[in-house]
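J.: Structure for the following, please:
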Amino acid sequence: MLLDEDALDGAVVLLFANKQDLITAMPSEELQTQLNLTSQRGRAIILQPCSAKTGDGLSAGLEQLLAKIKEVKEKAAAK
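T.: Sure thing, here's the model as predicted:
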């Protein structure tokens with residue numbers, strides 16, 4: 001999996017869980033478990049439920065991504 005690459009240590013990753021407007025959509029918590037995202041070391045992973053059709057969750061995901069990048073940069077500057 002791409003997230004296993006050492007080059008991504010410290011990376012902030014945003015994953016959109018699309019199709020959440022469908023009744024058959026896998027809940028984001030289950031998706032996180034199935035993709036083994038809870039055990040990713042050294043990476044900030046944001047899993048954002050969304051619907052590309054309606055646009056729900058897209059802005060929220062990008063806002064979370066920007067906030068996390070800012071947080072990581074501030075921590076690095078404080079060292």
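
J.: Am I right that residue 76 is in a helix?
T.: Yes - the assignment for residue 76, made by DSSP: H, G, I helix; E, B strand; the rest coil, places it in a helix.

J.: Which strand or helix spans the closest residue in space to residue 34 that isn't next to it in sequence?
T.: The shortest distance from residue 34 to any non-neighbouring residue, by Cβ to Cβ, 6 or more residues apart in numbering, is to residue 26 (7.3 Å). Every residue, glycine included, has its C-beta placed from N, CA and C. Using DSSP states H and E, residue 26 falls within no helix or strand.

J.: Test my guess that residue 26 contacts residue 35.
T.: No - at 10.1 Å, residue 26 does not count as touching residue 35 under the criterion of Cβ atoms under 8 Å.

J.: got a list of what residue 17 touches?
T.: 25-26, 28, 31, 47-50 (Cβ atoms under 8 Å, 6 or more residues apart in numbering).

J.: Minimum pLDDT in these, which residue is that?
T.: Lowest pLDDT among those: residue 28, with 84.

J.: wait, doesn't that one sit right on residue 49?
T.: Yes - counting by Cβ under 8 Å, residue 49 is a contact partner of residue 28 at 4.6 Å.
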